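> attaching a predicted model along with its sequence, questions to come.
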Amino acid sequence: MSQSQQLILSSVLALGTCYVLMSFMRRLRAAKSNIPLVPYSIPFVGHFIELISHPFEFLSKCREKYGDAFDVYMMGTTLTMVTGQTGYEILKAPEAAMSHELAMDEALNFSWIIGYPMWKYKALNAPYIMPKYTSGLNGMDKLIDSELRDSLKRTFNGTHMMTVPNIEDFLHNIITPTMCNIILGKETCHDPELLSTARHFSSDLSECMGIANLIPFKPLVPYVLDLVDSKIKHHRHVMVTKLIPVIELRRRLETKLGSAYEKPLDLLQRHIDARDSQGKPYPADVIAPKLSVYIFAGVYNLILLVSHIVHFVAADDKVCRQLREEQDRIIATHGEQLTKEAVANMKFLDMVVKETLRLTITPFRSSRQAMHTQVLSNDLFSAAHVGANPESFDPWRYRNNPLATTVAADFISFGCGPRACSGRYVAVHVTKATVALLVRGYDMRTATGRRPEPTFSLMECKPGQVEMVLEERI
Ligand code: HEM
């Protein structure tokens, strides 16, 4: 037997042993837990096919049969799915009991992406950075307004009517430069390579994690991804090569100009200003890859959300009319500028955003890793109360609690509890500002006159494909 054959054989044996060991551990764990394991027939693969092909139907059936909490098994891993009141209880648990950080890292391999343990540098972590960044929108409303208007102008390029074959591509041209500006800064927000990374990072990461899921022994994941992935490595390279010179330049300017240096408002600057426990700034090669987490969290999610809203609004005259009436009132009170106050006063638009988030929520919304054995109160399931016809688009159902940024037991699109989405204030503001500009300036219609059916996967709800026409209003 040649040396390489020996190597392959020993790797296969090692993997096989790991698999047998893990199966044993899993049985041991199942025997100790009183959470039911949904039966499956294909070894190792488990429920993977059902979860990929029809996640909602599969999980709803499991829930009907087993209640709020049940175990599913896929690709060598047992996952506890928790829904309803019990899920809410878990989301509200503190980090020390239910770790958001470990679960995120295991699900998305962020430590592999950024090249060091994701939670290593405390002052760079979301709970520390984000409040400073989002408090009162940090004065970014004017920046968002002008970047959105410029992007719209560039995209329409002097034409009064536009046929849009793919709504995501159209909105990428408007939203991605804006989000890149407020996350990465004005220096790079029109760089074509960075814009392409921002647009594709999330979907490429989902693809890459598809491969990671096939690897039964989790400690091997980073090594295998290093061998097989090229897209995420490319995105990491783009982030690092584009951002390190900007970080260094800003530091030089600050040293040179002192208090006369006008610091940018973006999230990059929050990272540059952060200090470790000894009061030292973080190196540029630590900061640059970390920003990819926000590109992942912030850009494609927004493109999807606004795409869905545009489809709903284009197919619903009543909603469109009420949005326009609201915009007329806002312009009469606040003028044309999309200031923080003006956007905050768009209450009906808030309801539209909230209803769209509700209807496009995906099964894998939030994940946690239990840090020790937990006894759940096992409350009887109390259905999230959304009123009549829960499957229909009815923004008025939120007339008494319109704010899309308020997380609650019956609205978990931004998660809930101590680790709820800390970017939601920015996310909702940019979403509302984009939709407001489109509704004010354009008549929008789909070629079919109807909203195309979206497609759901475990982590994404993609808008259906339909040609759209956007025509400037006179
Ligand atoms: C439509 C847009 C968005 C949706 C639907 C969304 C949704 C979510 C969800 C469900 C979580 C997990 C919460 C949990 O586990 O309980 C999350 C976390 C997070 N999101 Fe968002 N998000 C959006 C936009 C953004 C934006 C624009 C940013 C940043 C600029 C952002 C930054 C974050 C961060 C930093 C976390 C982790 C929070 C932590 O570690 O404590 N998100 N988001």
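Structure's in. What do you need? Residues are numbered from 1 along each chain as shown.
> and the residue nearest in space to the middle of the chain, how close does it get to residue 198?
Computing the C-alpha centroid of the chain and ranking residues by Cα atoms, centre = their mean puts residue 297 first, at 3.9 Å. To residue 198, residue 297 is 11 Å away according to Cβ to Cβ, to the nearest Å. C-beta: built from backbone N, CA, C; applies to glycine.
> just residue 258 next, same as before
On the measure of Cβ to Cβ, residue 258 and residue 198 end up 33 Å apart.
> compare neighbour counts for those two and give me the winner.
residue 198 (31 against 8; other Cβ atoms under 10 Å).
> excluding chain neighbours, what is closest to the residue in the stretch 101-250 of the chain that the ligand sits nearest to?
When scored by Cβ to the nearest ligand atom, the stretch 101-250 of the chain has residue 126 as its residue closest to the ligand, at 3.6 Å. Spatial nearest neighbour of residue 126, excluding adjacent residues (Cβ to Cβ, 6 or more residues apart in numbering): residue 422 at 5.5 Å.
> ditto for residue 145
residue 338 (4.3 Å).
> mind checking how far residue 271 is from residue 138?
Distance from residue 271 to residue 138, by Cβ to Cβ: 14 Å.
> more crowded one of these two?
The neighbour count for residue 271 versus residue 138, taken as other Cβ under 10 Å, is higher for residue 271 (24 against 19).
> show me what contacts that one?
When contacts are counted by Cβ atoms under 8 Å, 6 or more residues apart in numbering, residue 271 touches 124, 129, 282, 287, 290, 291.
> surely the residue nearest to residue 145 is in a helix?
No: counting by DSSP: H, G, I helix; E, B strand; the rest coil, residue 338 falls outside a helix, being coil.
> verify the stated contact: it with residue 141.
Yes: Residue 338 is in contact with residue 141 according to Cβ atoms under 8 Å; the separation is 6.6 Å.
> quickly list what's touching both of those two.
Residues touching both residue 338 and residue 141 (Cβ under 8 Å, 6+ apart): residue 433.
> so the two - more neighbours on which side?
Using other Cβ under 10 Å as the criterion, residue 338 and residue 141 rank with residue 338 on top: 26 against 22.
> how close does the more buried one sit to the ligand?
According to Cβ to the nearest ligand atom, to the nearest Å, residue 338 and the ligand sit 17 Å apart.
> next structured bit after the one helix or strand residue 248 maps to?
Using DSSP states H and E, residue 248 sits within helix 231-257. The helix or strand immediately downstream of helix 231-257 is helix 267-273, counting by DSSP H and E.
> average pLDDT for stretch 332-339?
Summarised as a single mean, pLDDT over stretch 332-339 is 98.
> could you measure from the residue nearest to residue 126 over to residue 134?
Separation of residue 422 from residue 134 (Cβ to Cβ) stands at 6 Å.
> near the ligand, which residues of this structure are found?
Taking Cβ under 6 Å from any ligand atom as the contact definition, the chain meets the ligand at 91, 100, 126-127, 130, 183, 294, 297-298, 301-302, 305, 365-366, 413-416, 419-423, 426-427.
> give me that answer again for 5 Å
Proximity of the chain to the ligand, by Cβ under 5 Å from any ligand atom, involves residues 126, 294, 297-298, 301, 305, 366, 414-415, 419, 421-423, 427.
> how about those in CSV, adding distance to residue 173 and pLDDT?
Formatted as CSV, the residues of the chain next to the ligand follow (distance: Cβ to Cβ, whole Å; pLDDT from 0 to 100):
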residue, distance to residue 173, pLDDT
126, 28, 93
294, 20, 94
297, 20, 89
298, 17, 90
301, 17, 94
305, 16, 98
366, 30, 79
414, 25, 93
415, 29, 89
419, 32, 92
421, 25, 94
422, 27, 94
423, 21, 95
427, 19, 97
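> which residues touch residue 451?
311, 312, 314, 315, 316, 393, 464.
> A helix includes it, no?
No: counting by three-state DSSP, residue 451 falls outside a helix, being coil.
> how about it, nearest residue that isn't a chain neighbour?
Per Cβ to Cβ, 6+ apart, closest to residue 451 is residue 315, 4.0 Å.
> that neighbour against residue 444, yeah?
No: contact status for residue 315 versus residue 444: not in contact, 9.4 Å apart, counting by Cβ under 8 Å.
> residue 218: what's it in contact with?
Contacts for residue 218 (Cβ under 8 Å, 6+ apart) come out as 77, 106.
> just the ones of the contacts of residue 451 in helices?
311, 312, 314 (DSSP state H).
> now the helix or strand encompassing residue 146: buried residues?
For residue 146, the enclosing helix or strand under DSSP H and E is helix 141-156. Buried residues in helix 141-156, counted by 16 or more other Cβ atoms under 10 Å: 141, 143, 144, 145, 147, 148, 149, 151, 152, 155, 156.
> and residue 194, how far is that from residue 183?
Noted for residue 194: a distance of 10 Å to residue 183, by Cβ to Cβ.
> domain ranges for this protein, per the record?
3-114, 122-472 (automatic domain parsing).
> so which of these is the most packed in?
Burial of these is given as mean neighbour count (mean count of other Cβ atoms under 10 Å); domain 122-472 ranks first at a mean of 17.
> how far is it from where the chain is centred?
Domain 122-472 sits 7 Å away from the centroid of its parent chain (Cα atoms, centre = their mean, to the nearest Å).
> and residue 178, what element?
Using DSSP H and E, the element containing residue 178 is helix 167-184.
> what packs against that helix?
Applying 3 or more Cβ pairs under 8 Å, 6 or more residues apart in numbering; DSSP states H and E, we find helix 167-184 packed against helix 141-156, helix 192-213, helix 231-257, helix 267-273, helix 292-314, helix 424-441, strand 468-472.
> downstream of the second one, the next helix or strand is which one?
Where DSSP H and E defines the elements, the next helix or strand beyond helix 192-213 is helix 221-228.
> how close does the residue of the stretch 151-300 of the chain found nearest the ligand sit to residue 198?
The nearest approach of the stretch 151-300 of the chain to the ligand comes at residue 298, 3.2 Å away (Cβ to the nearest ligand atom). As judged by Cβ to Cβ, residue 298 and residue 198 stand 9 Å apart.
> same check on residue 50?
Using Cβ to Cβ, residue 50 is found at 33 Å from residue 198.
> lowest-confidence stretch among the helices and strands packed on helix 167-184?
helix 192-213 (a mean of 91).
> for the nearest residue to residue 461 once chain neighbours are set aside, what are its contacts?
Spatially, and ignoring its direct neighbours in sequence, residue 461 is nearest to residue 360 (4.1 Å; Cβ to Cβ, 6+ apart). Taking Cβ under 8 Å, 6+ apart as the criterion, residue 360 is in contact with 304, 305, 308, 454, 461.
> low-confidence bits of this structure, can you list those?
Counting by pLDDT under 70, the ranges of the chain that qualify are 1-33, 373-385.
> all helices of the stretch 1-150 of the chain, in order?
Assigned by DSSP state H, counting those that start in this stretch, the stretch 1-150 of the chain shows helices spanning 3-32, 48-53, 55-66, 84-92, 100-108, 110-114, 126-134, 141-156.
> touching the shortest one from outside, list them.
What it means is helix 110-114. 104-105, 117-118, 205, 221-222, 225-226, 232, 236, 289-290, 292-293.
> 7 Å - rerun?
Residues outside helix 110-114 that contact it (Cβ atoms under 7 Å, 6 or more residues apart in numbering) are 104, 105, 117, 118, 222, 225, 232, 236, 289, 290, 292, 293.
> just the third one next, same as before
Where contact means Cβ under 7 Å, 6+ apart, the residues beyond helix 55-66 that reach it are 36, 38, 50, 51, 70, 81, 83, 363, 456, 457, 458.
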